[in-house]
Structure formats: structure tokens, C-alpha cells
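Engineer: Next input, structure requested:
(one chain, ligands or ions: 2)
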Amino acid sequence: MTRSIAEIAAQLQGYDPQALSADGVGDFLSRLVAPVSETESVGVLDALGRVLAKDLVSPISVPPHDNSAMDGYAFDGAQLAQGALQLEVVGTALAGKAWQGSVRPGQCVKIMTGAVMPAGLDTVVPQEFTKTQADGRVEIPAGLLQPGDNRRCKGEDLMEGRPALRAGERIGPAACGLVASLGVPRVDVFRRLKVAYFSTGDEILSFGEPPREGAVYDSNRYTVHGLLTLLGCEVIDLGVVRDEPALLEQAFRDAAARADALITSGGVSVGEADFTKAMMKKLGDVAFWKIAMRPGRPMAVGRIGQAALFGLPGNPVAVMVTFLAFVRPALLRMMGARVTEPVLLKAHSAEAMRKKPGRTEYQRGIVMRTQDGRLEVRTTGNQGSGVLSSMVQANGLIVLHHAQGNVAVGDEVDVMMFEGVI
Ligand SMILES: Nc1nc2c(c(=O)[nH]1)N[C@H]1C(S)=C(S)[C@@H](COP(=O)(O)OP(=O)(O)OC[C@H]3O[C@@H](n4cnc5c(N)ncnc54)[C@H](O)[C@@H]3O)O[C@H]1N2
Ligand code: MOO
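Structural biologist: Ligands and ions are numbered 1, 2, ... in the order given. Below is the predicted model:
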């Protein structure tokens with residue numbers, strides 16, 4: 001179900017597009033966008049980075065039998081109450097070749113890691129804990145083991161008939177292995193999200209155009225392309241669109257027809273020679289926000305046709321920050337993912353930071369471990385919202401929350417690490 005901007009605004013308490021808190025943006029966007037419904041079946045190798053569309057119910061138990069975790073001797077652990085044991089070896093159990101005979105008290109079976117536990121035996125003594133006597137019997141010292149030690153139980157990883165993975169799981173390498181461990185070659189995932197992007201502005205140069213006064217080369221197209229690619233989206237790259245109504249209209253219509261979401265950069269502030277906002281208003285249902293945050297104050301959000309629209313501010317760092325703070329969680333929701341918010345890490349600030357309560361600030365930071373083992377974060381130079389070099393030096397964004405005030409040296413601050421989100 002799609003809701004209009006007005007309907008969503010009516011659901012939110014204290015919604016003010018001219019002074020929206022960063023938290024309010026998340027609430028708004030979670031109502032604006034919904035998961036795609038179409039799914040497809042893919043092989044396990046192609047499932048990496050995709051989002052599982054249905055619970056995956058385990059067709060088997062893993063491991064399928066009780067088995068040994070060590071190379072050693074399997075025996076009935078009830079005998080440990082007697083103290084040290086001397087056991088006769090009556091056979092060998094190999095991984096893939098079980099021991100079928102019966103074992104009486106006073107006896108044991110030589111067993112290899114992964115071999116099925118012989119019937120009635122529940123404990124394994126690792127080989128290096130034992131001594132072999134002249135008559136071939138194995139001596140197990142007292143006090144080393146508890147009954148059940150070194151046995152892996154049937155189904156301790158996955159139990160037949162239970163969900164092994166839940167719908168909404170973003171499939172990582174461990175989940176790929178887990179699916180394969182069930183003998184399942186294919187899984188149902190949500191289809192890939194199609195996201196269109198274009199840069200706006202007459203001062204934006206593309207490769208091959210000579211530098212000219214007042215003009216800059218397009219960097220946003222490349223940062224957004226990278227962010228979308230790592231998120232697993234299909235990117236529809238519409239390049240740079242000149243600030244002319246006919247060209248903008250064509251680009252917006254083209255993107256809305258082909259994509260689930262459209263991201264633009266530039267033209268959302270109060271600048272004069274700007275048709276971008278006017279075209280968004282004409283073609284879509286769009287809100288223009290001033291967010292209480294830095295960087296990334298102006299932003300346009302809504303829908304053009306069926307496509308979600310994220311009109312990001314033009315400044316290169318503002319683009320990345322608004323993408324990570326708002327667009328990424330919204331796209332993950334559209335992709336069907338259950339977890340959409342990044343985990344924040346706590347680190348001690350190596351420097352004092354001035355911060356006014358009443359807005360959220362994102363500072364580019366580098367987290368390092370000090371010699372005494374603490375995590376420490378310091379800012380990476382010029383924090384201007386057009387300065388990408390300090391973004392490159394950073395390994396995360398320090399998040400100074402809405403209500404937070406000044407930070408003193410040594411205070412703990414939240415950091416959104418790039419590893420895992422970028
Ligand atoms: N009077 C006000 N002026 C501004 C406000 C405001 O609230 N009142 N907000 C400021 C903030 S914050 C930002 S951010 C910018 C956003 O403005 P726009 O979204 O309209 O962006 P532009 O003016 O088109 O560009 C801003 C800046 O970024 C450069 N840029 C744009 N696109 C690219 C690109 N693809 N690659 C590299 N660099 C790009 C552009 O050249 C400008 O320097 O408005 C402030 N002003
Ligand atoms: O969104 Mo702007 O980049 O904060 O300066």
C-alpha cells in the first residue's frame with residue numbers, strides 16, 4: 001500500500017518539514033517505502049548479498065547423527081564415576097564408516113573426528129589424554145572428563161523441520177555455507193532493487209569536458225554508484241542532467257518508469273536558477289525538508305509515479321551522509337531486509353568537539369585502538385561538506401545525536417563504521 005506525503009505527515013506527531021529531526025526522517029521513510037513483492041530462485045553461489053524471501057526450513061538435521069568432536073576413544077561416560085578407567089578397545093569408528101557392533105562396560109571404540117558415536121556411547125576421550133597399556137587397553141585418568149564430553153549432538157547446529165534462516169536475512173558467506181550444509185542448492189530471494197541516479201547542475205562536468213571557471217567534475221555519481229553497488233542494487237546511471245525543464249522532465253519520467261527508487265543530487269536548496277525542485281513538484285508527490293543535521297540539511301523526499309524519490313543535497317559529503325543515514329535503511333527495507341539500521345560502535349573521543357543540542361552532526365572520524373587497548377576516535381581534518389578527502393581518510397562517521405551537547409576528551413561517542421555499511 002502506498003501512502004501520500006500528506007497521509008504520512010498526518011500520522012507523525014510534530015512533523016515539521018522545515019525543522020525535521022534526523023530520527024523523524026527514519027520514521028517518515030519507513031512509512032513511505034515497502035518491500036518489493038517479486039521473488040526469484042537463485043543458486044547458493046548467486047545468493048550472496050541477496051535477501052531471503054521465505055523462511056528456509058531445514059529438510060535435515062545438521063549434524064545428522066551424534067558424532068565425535070575429537071580423535072580418541074568413545075565410551076559410556078557413566079563409568080567416569082568409578083575414577084580412572086582401563087578400557088579394552090573393541091573396534092574403530094571412522095568418519096563416514098560407523099562402528100556397528102555392541103560395546104559393553106569396560107570396553108571402548110577408537111573413534112575419529114566426525115565419526116558417528118556407536119550406540120550406547122556418549123563420551124570421547126581425546127587420544128592425547130590416554131596411555132595405552134602393554135595389553136592394549138586404554139587408560140583414562142580420573143578427573144579429566146564429564147559424561148557427554150567431546151560429543152557433538154544430532155541437530156545441535158540445525159534441527160529438521162525448524163527454520164534455519166528467517167525471511168529478511170541478508171545472505172552473507174556464513175548463510176551461504178549454512179544453506180549448502182542442508183544439501184539445499186537454491187533459495188528464494190527478493191528480486192534485485194533497481195535504483196536510478198542522476199546528478200543535476202549546469203556547473204557539473206563529465207569526463208572529457210575541459211575544466212572551466214565555476215565548474216566541477218561530477219563526483220556524486222561515482223560515490224552513489226559505489227554505495228548502491230555494494231548494497232547489491234542494480235544501478236541505472238542517467239549521468240548528469242542539465243538544468244533545463246525539458247531535459248529534467250525526460251530524466252525524471254525515464255527513471256520513474258524504469259526504477260524502484262530514484263536518487264538525485266543537487267538542486268534541493270533555495271538556489272535561484274534551479275528547475276529541479278519545480279520538476280519534482282510538477283511530476284511527483286514530494287516533500288522538501290530542512291533537516292536539523294549537519295551536513296545534509298536540505299533534502300527532497302517522496303514519490304514520482306511508483307518510484308521512491310530521494311533528492312539529496314549537492315555537496316559531496318552531504319550526499320554520502322544522507323545516503324548512509326537515510327537512503328540506505330530505506331533501500332534495505334525495499335529490498336526486504338529485516339535489519340536496516342547499522343550497528344553503532346562506542347569509541348572514546350581523542351578530542352573535544354563543540355556541539356549544539358538540537359541537531360544531529362556527523363563528523364568524519366578514524367577509529368584506532370590505543371596501546372592500552374581502548375577504541376579511540378579522532379576527526380579527519382577539514383569537515384566542510386564539499387571536502388571528500390577527509391571522507392576518504394575516515395573509517396567511520398562519528399554520530400553526535402540530536403540532544404547531545406559538547407564532547408570532552410575521553411567521552412564515549414557513537415561511530416557508524418564504514419566496514420559493514422559501505
Ligand atoms: N540560503 C541557503 N543556502 C544554502 C542552504 C540553505 O539552507 N540556505 N543549504 C546549504 C546546504 S546545507 C547545502 S548541502 C547546499 C545544497 O544545495 P543543492 O542541493 O541545491 O546543491 P547545489 O547547489 O546544486 O550544489 C551544492 C554544492 O555541491 C556541488 N555539487 C553538486 N553536485 C555535484 C556533483 N554531482 N559532484 C560534485 N559536486 C557537486 C556544487 O557544485 C555546489 O558546490 O545548499 C547550501 N546553501
Ligand atoms: O547539506 Mo549541506 O552539505 O549540510 O552543507
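Engineer: C-alpha only now, for contacts and for neighbours.
Structural biologist: Noted.
Engineer: Run through the neighbouring helices and strands of the longest helix along the chain.
Structural biologist: In the chain, with assignment by DSSP state H, the single longest helix is helix 245-258. Helices and strands touching helix 245-258, by 3 or more C-alpha pairs under 8 Å, 6 or more residues apart in numbering; DSSP states H and E, are strand 194-200, strand 234-241, helix 276-283, strand 298-304.
Engineer: Return the set of buried residues in the second one.
Structural biologist: When you say that, I think you mean strand 234-241. The neighbour-count check on strand 234-241 (16 or more other C-alpha atoms under 10 Å) flags 235, 236, 237, 238, 239, 240, 241 as buried.
Engineer: export these to CSV and tack on pLDDT?
Structural biologist: Output for the buried residues of strand 234-241, formatted as CSV (pLDDT from 0 to 100):
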residue, pLDDT
235, 98
236, 98
237, 98
238, 98
239, 97
240, 97
241, 97
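Engineer: about what we covered before: and the helices and strands packed on helix 245-258: which comes nearest ligand 1?
Structural biologist: In terms of C-alpha to the nearest ligand atom, the element of the helices and strands packed on helix 245-258 nearest to ligand 1 is strand 194-200, at 4.8 Å.
Engineer: which residues of this structure fall in helices?
Structural biologist: Going by DSSP H, the chain shows helices at 5-11, 22-32, 173-181, 220-231, 245-258, 276-283, 316-322, 328-334, 389-393.
Engineer: if I look at residue 73, how far off is residue 86?
Structural biologist: 12 Å (C-alpha to C-alpha, to the nearest Å).
Engineer: ok, residue 233 - how many residues close by?
Structural biologist: For residue 233, the tally of surrounding residues (other C-alpha atoms under 10 Å) stands at 21.
Engineer: how about it, what does it touch?
Structural biologist: Residue 233 makes contacts with 192, 193, 194, 195, as judged by C-alpha atoms under 8 Å, 6 or more residues apart in numbering.
Engineer: okay, now the spatially closest residue to it that is not a sequence neighbour: neighbour count?
Structural biologist: Counting by C-alpha to C-alpha, 6 or more residues apart in numbering, residue 193 is the residue found nearest to residue 233 once chain neighbours are left out, at 5.1 Å. Counted with other C-alpha under 10 Å, the neighbours of residue 193 add up to 22.
Engineer: on that earlier part again, near ligand 1 at all, the longest helix of the chain?
Structural biologist: No. Using C-alpha under 6 Å from any ligand atom, helix 245-258 never reaches ligand 1; the gap is at least 13.8 Å.
Engineer: Can I get the contacts of residue 233 in TSV including distance to residue 94 and pLDDT?
Structural biologist: Formatted as TSV, the contacts of residue 233 follow (distance: C-alpha to C-alpha, whole Å; pLDDT from 0 to 100):
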residue	distance to residue 94	pLDDT
192	45	98
193	48	98
194	51	98
195	53	98
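Engineer: what about residue 73 and residue 86, which has more around it?
Structural biologist: Neighbour totals were compared for residue 73 and residue 86, and residue 73 leads with 25 against 19 (other C-alpha under 10 Å).
Engineer: Show me which residues of the stretch 201-350 of the chain sit near ligand 2.
Structural biologist: 294, 295, 296, 297, 298, 313, 315, 318.
Engineer: if I read this right, the second one contacts residue 321, doesn't it?
Structural biologist: Read it as residue 295. Yes. Residue 295 is within contact range of residue 321, at 7.1 Å (criterion: C-alpha atoms under 8 Å).
Engineer: residues shared between the contacts of the two?
Structural biologist: Residues touching both residue 295 and residue 321 (C-alpha under 8 Å, 6+ apart) are residue 362.
Engineer: got the end-to-end distance for stretch 295-308?
Structural biologist: Note: stretch 295-308 ends 22 Å apart using C-alpha to C-alpha.
Engineer: Can you give me the buried ones in that stretch?
Structural biologist: Neighbour count says stretch 295-308 has 295-305, 307-308 buried, by 16+ other C-alpha under 10 Å.
Engineer: Low-confidence ranges, the stretch 201-350 of the chain, go.
Structural biologist: The stretch 201-350 of the chain contains residues with pLDDT under 70 at 272-273.
Engineer: which bits of it sit near ligand 1?
Structural biologist: 201, 204, 217-221, 265-271, 296-298, 313-316, 318.
Engineer: hmm, which of the residues you listed are the buried ones?
Structural biologist: Looks like these have 201, 204, 217-221, 265-269, 296-298, 313-316, 318 buried, using 16+ other C-alpha under 10 Å.
Engineer: wait, residue 396 sits on residue 416?
Structural biologist: Yes. If you go by C-alpha under 8 Å, residue 396 and residue 416 touch, sitting 5.4 Å apart.
Engineer: neighbour count winner among the two?
Structural biologist: residue 396 (26 against 22).
Engineer: Tell me what that one is bridged to.
Structural biologist: Counting by DSSP bridges, residue 396 is bridged to residue 365, residue 417.
Engineer: Kindly report the same for residue 236.
Structural biologist: residue 196.
Engineer: Please name the residues that touch it.
Structural biologist: Residue 236 neighbours (C-alpha under 8 Å, 6+ apart): 194, 195, 196, 197, 255, 259.
Engineer: try it again with 10 Å
Structural biologist: 194, 195, 196, 197, 198, 225, 255, 258, 259, 261, 262 (C-alpha atoms under 10 Å, 6 or more residues apart in numbering).
Engineer: before we move on, what about residue 71?
Structural biologist: With C-alpha under 10 Å, 6+ apart, residue 71 has these contacts: 94, 110-115, 124-128, 150.
Engineer: Please apply the same query to residue 12.
Structural biologist: 24, 27, 28, 31.
Engineer: Over to residue 16?
Structural biologist: 9, 24, 289, 290, 291.
Engineer: what is the third one paired to in the beta sheet?
Structural biologist: I take that to be residue 289. Bridge pairing for residue 289 - DSSP bridges - gives residue 299.
Engineer: Return the residues in contact with it.
Structural biologist: With contact taken as C-alpha under 10 Å, 6+ apart, residue 289 is in contact with 16-20, 25, 268-269, 297-301.
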